[in-house]
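[1] Please find the sequence and the predicted model below.
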Protein chains: 2
Amino acid sequence: MITLSQIEQARERISPHILKTPLMRCPALDGALGCAVYLKLECAQLTGAFKIRGALNKILALSDDEKRGGVVCSSSGNHALGVAYASRLFGTNAKIVLPSDCNPAKVKKIGDYGGEIVFADKLEREKAATRIASEEKRVLVHAFADPFVKAGQGTIGLELLQDEPALDAVVVPVGGGGLISGIATAVKESKPGIRVYGIEHGNVARYTSCKKTGKVADIARIEPTIADAVMGTHACAESFETINRYADALLLVDDAEIKSALYELVSCAHVIAEPASCMVLAAAMSGKIPFAKSDKVAFVLSGGNNDLKFLSRIIEN
Amino acid sequence: MITLSQIEQARERISPHILKTPLMRCPALDGALGCAVYLKLECAQLTGAFKIRGALNKILALSDDEKRGGVVCSSSGNHALGVAYASRLFGTNAKIVLPSDCNPAKVKKIGDYGGEIVFADKLEREKAATRIASEEKRVLVHAFADPFVKAGQGTIGLELLQDEPALDAVVVPVGGGGLISGIATAVKESKPGIRVYGIEHGNVARYTSCKKTGKVADIARIEPTIADAVMGTHACAESFETINRYADALLLVDDAEIKSALYELVSCAHVIAEPASCMVLAAAMSGKIPFAKSDKVAFVLSGGNNDLKFLSRIIEN
């Protein structure tokens, strides 16, 4: 498991290169969410998502030899953008393994950041990245199962407490578990009384499933969901350990709840976040999180890279 | 003309009751706008727009007798919401004169804040408000031609310099001129080297028209525009004086430029502002403002109360 000190080192390393995104008080959502709402706007982070933090922390910690050798990652979205952006910034060659049916707009953006794109079947892309790392002696920048990546994401937790030391709780979307590992470690080791809630999608409930069986295992299959940023089958043993130690609860939401939350966010807060981020609002709107009305709660809006056609349909209704 | 000291008094009066909205650095828009972009998120202010600042400053400065007598205003939108909200907060009765064809959603929201609604023909509503003020001995809270209202809006200028003292320029949407009067006075009297640009809509070019003729006169007619928040014919002599003294330039935009700017804001910055606010982005995107690339420029996104059907059509394209 990562430590608070690794997260503080990450902050020192990456803060000149990222945005300290606003923690925005949003009374317009208090009624619907049942608490005093604060939105952490990582949807306004460079590349449109928090993933740049972990990617930068990993790449900045490489030796000169490793930087010359280049990096590789597998991702269909925000992590790929983060790795491509961070690699360009520090003159490292990045190979990005994308699923062969990847959204062309995303492929273009990753290419614009200078990423060298390789396509692979979507069930094979993790393996392809591992093979490339080994054959070409590149450093694998894993999307979540990496202490540097997790510590980078954890810098969000330090910013939350810096901007609002009196926070009572933090609500975090959970996919592979890198984001909650970082944030929970940062806030619980700084202020043990704070509550941390992790929100998974019911169709991709990796750690809820680990909790049920009591052991770490990848999930067998994923039902499709609009929350593309949390799709993935791999459960990470260290993420599970951190969740067990620091998350006060893991809760599930579904697509319909996410759509309602996105509509509420757009119409009341005038902010746009992607479906996976709206999971945190959805859980609170459905009354699944035990808040007191006076609780100061930070909702981590982890990214804003929406499909605009999808967004327009949500808003219209 | 108002003074810096009146704006500082306004800040003291209203700051416990409003949000200090974020000034968000937004590199994703630097390329399109030709400068280092900072967005002032008044679209996330209470009631969804900056107008609450002026309304609160006016109502908080009333005597107890005046508060008991109640207030009245004429507005079809954001000012009405601000006055209704501020009046409820301090137990004052507010009569709001709305145009008879007012959007039912807006009527409902104003009613929810406790405003007592009166309908009048849209060309007669200013007169109706003045008559009600005189007959019922209510204080008229004018949407812009009032020093307390202007000083309230000016508190935005103080926040801009507090959050980013090195700002080179501020770009402000101009309707009746209350917002630019307040902000320009605050920033120019605090830091004379800063540049202030006012953006009018070509179909409602009140002060551009005053500048052309060299005298203050209401405009004769308004062509329809999507920027409903700046619609109005009345030009205020004191606003014109402030604009002449403090605005480095007044520039014009049109509906097509606003639509492109709104699309850019949503897709790159993941923020929603109303069409009148997007005028400031539109002017920069069209290359009408002489920026150096390194200039730190604050764009005041004055409100976020969009019609969602309109917004969905913009995003779809």
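    Arrived safely, thanks for sending. Numbering: from 1, shown residues only, chains lettered A, B, ... in the order given.

[2] per-residue pLDDT, the nearest residue to A:Asn317 once chain neighbours are set aside?
    Leaving aside its sequence neighbours, A:Asn317 sits nearest to A:Tyr263 (CB to CB, 6 or more residues apart in numbering or on different chains; 7.1 Å). In short, each C-beta sits where N, CA and C put it, glycine included. On the pLDDT scale, A:Tyr263 is placed at 96.

[3] My guess is A:Tyr263 contacts A:Glu316. True?
    No - counting by CB atoms under 8 Å, A:Tyr263 sits too far from A:Glu316 to count as a contact (9.7 Å).

[4] How many neighbouring residues does the closest residue to A:Glu316 other than its chain neighbours have?
    In this structure, A:Glu316 finds its nearest non-sequential neighbour in B:Ser312, 4.1 Å apart by CB to CB, 6+ apart. Counted with other CB atoms under 10 Å in any protein chain shown, the neighbours of B:Ser312 add up to 19.

[5] What separation is there between B:Ser312 and B:Leu262?
    Going from B:Ser312 to B:Leu262 by CB to CB, to the nearest Å gives 12 Å.

[6] And for A:Pro165?
    Counting by CB to CB - A:Pro165 and B:Leu262 are separated by 36 Å.

[7] Between those two, which is the more surrounded one?
    B:Leu262 (24 against 10).

[8] Next up, identify which helix or strand the more buried one is on.
    helix B:255-264 (DSSP states H and E).

[9] got the buried residues for that helix?
    B:Asp255, B:Glu257, B:Ile258, B:Lys259, B:Ser260, B:Ala261, B:Leu262, B:Tyr263, B:Glu264 (16 or more other CB atoms under 10 Å in any protein chain shown).

[10] Then stretch A:233-251?
    Under the neighbour-count criterion of 16+ other CB under 10 Å, stretch A:233-251 has A:His234, A:Ala235, A:Cys236, A:Glu238, A:Ser239, A:Phe240, A:Thr242, A:Ile243, A:Tyr246, A:Ala247, A:Leu250, A:Leu251 buried.

[11] quick check, nearest of those to chain B?
    Set against chain B, the nearest of the buried residues of stretch A:233-251 by CB to the nearest CB is A:Leu251 (24.8 Å).

[12] For that closest one, name its beta-bridge partners.
    A:Ile199 (DSSP bridges).

[13] That one contacts A:Met285, doesn't it?
    No - applying CB under 8 Å, one finds A:Leu251 not in contact with A:Met285, separated by 11.9 Å.

[14] Tell me how far A:Thr47 lies from chain B.
    A:Thr47 sits 9 Å away from chain B, going by CB to the nearest CB, to the nearest Å.

[15] Confirm that residue sits in a helix?
    Yes - judged by DSSP: H, G, I helix; E, B strand; the rest coil, A:Thr47 forms part of a helix.

[16] what sits against A:Glu241?
    Taking CB atoms under 8 Å, 6 or more residues apart in numbering or on different chains, we find A:Glu241 in contact with A:Met1.

[17] go on, A:Phe90?
    A:Ile59, A:Leu60, A:Lys67.

[18] What of A:Tyr113?
    A:Thr47, A:Leu81, A:Ala84, A:Tyr85, A:Ser87, A:Arg88.

[19] Next, the buried residues of stretch A:134-152.
    In terms of neighbour count (16+ other CB under 10 Å), stretch A:134-152 has its buried residues at A:138-152.

[20] So is the worst-scoring helix or strand of chain A on mean pLDDT next to chain B?
    Within chain A, no helix or strand scores below helix A:104-112, which has a mean of 84 by mean pLDDT, DSSP states H and E. No - applying CB under 8 Å from any CB of the partner chain, one finds helix A:104-112 out of contact with chain B, separated by at least 10.2 Å.

[21] Find me the pLDDT at the most centrally placed residue in chain A, would you?
    Nearest residue to the geometric centre of chain A (CA atoms, centre = their mean): A:Leu179, 4.9 Å. At A:Leu179, the pLDDT value in this model is 98.

[22] where does it fall, helix, sheet strand or coil?
    Applying three-state DSSP: A:Leu179 is helix.

[23] which one is it nearest to, not counting chain neighbours?
    Leaving aside its chain neighbours, A:Leu179 sits nearest to A:Gln153 (4.7 Å; criterion: CB to CB, 6+ apart).

[24] Report the contact partners of that neighbour.
    A:Phe50, A:Lys51, A:Arg53, A:Gly54, A:Gly178, A:Leu179, A:Ser181, A:Gly182, A:Ile183.

[25] Would you mind giving the residues you listed as JSON lines with distance to A:Ile117 added?
    Listed next are the contacts of A:Gln153 as JSON lines, based on distance: CB to CB, whole Å:
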{"residue": "A:Phe50", "distance to A:Ile117": "22"}
{"residue": "A:Lys51", "distance to A:Ile117": "17"}
{"residue": "A:Arg53", "distance to A:Ile117": "23"}
{"residue": "A:Gly54", "distance to A:Ile117": "20"}
{"residue": "A:Gly178", "distance to A:Ile117": "23"}
{"residue": "A:Leu179", "distance to A:Ile117": "25"}
{"residue": "A:Ser181", "distance to A:Ile117": "28"}
{"residue": "A:Gly182", "distance to A:Ile117": "27"}
{"residue": "A:Ile183", "distance to A:Ile117": "30"}
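
[26] Out of these, which is nearest to chain B?
    So of these, ranked by how close each gets to chain B (CB to the nearest CB), first place is A:Phe50, at 12.9 Å.

[27] Show me what the helix or strand just after the least confident helix or strand of chain A is packed against.
    As assigned by DSSP H and E, the chain's next helix or strand after helix A:104-112 is strand A:116-120. For strand A:116-120, the contact count by 3 or more CB pairs under 8 Å, 6 or more residues apart in numbering or on different chains; DSSP states H and E identifies strand A:94-99, helix A:104-112, helix A:125-136 as packing neighbours.

[28] okay, the ones you listed, which one's buried deepest?
    strand A:94-99 (a mean of 23; mean count of other CB atoms under 10 Å in any protein chain shown).

[29] what's the angle between that one and helix A:104-112?
    Counting by axes from the mean of the first three to the mean of the last three CA atoms, to 10 degrees, strand A:94-99 lies at 170 degrees to helix A:104-112.

[30] Between strand A:116-120 and strand A:94-99, find me the angle.
    30 degrees.

[31] Which positions in stretch A:30-38 come out as buried?
    Under 16+ other CB under 10 Å, the buried positions of stretch A:30-38 are A:Leu33, A:Gly34, A:Cys35, A:Ala36, A:Val37, A:Tyr38.

[32] How about residues contacting that stretch?
    Residues from elsewhere that reach stretch A:30-38 (CB under 8 Å, 6+ apart): A:23-27, A:29, A:164, A:167-169, A:264, A:268, A:281, A:284-285, A:287, A:289, A:291-299.

[33] Would you write out the ChimeraX command that picks the buried residues out of those residues?
    Here is the ChimeraX command that selects the buried residues among the contacts of stretch A:30-38 (16+ other CB under 10 Å):
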select /A:23,24,25,26,29,164,167,168,169,264,268,281,284,285,289,291,295,296,297,298,299
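
[34] Contact residues of the stretch 201-317 of chain A facing chain B?
    So far as CB under 8 Å from any CB goes, the stretch 201-317 of chain A lies against chain B at A:266-267, A:269-273, A:304, A:306, A:308-309, A:311-313, A:315-316.

[35] Show the buried residues in these.
    Using 16+ other CB under 10 Å, the buried ones in these are A:266-267, A:269-273, A:304, A:306, A:308, A:311-312, A:315.

[36] just the helices in the stretch 201-317 of chain A please.
    Using DSSP state H, counting those that start in this stretch, the helices of the stretch 201-317 of chain A run over residues A:206-213, A:237-246, A:255-264, A:275-285, A:308-316.

[37] pLDDT averaged over the first one - what is it?
    Put plainly, it is helix A:206-213. Helix A:206-213 comes out at a mean pLDDT of 96.
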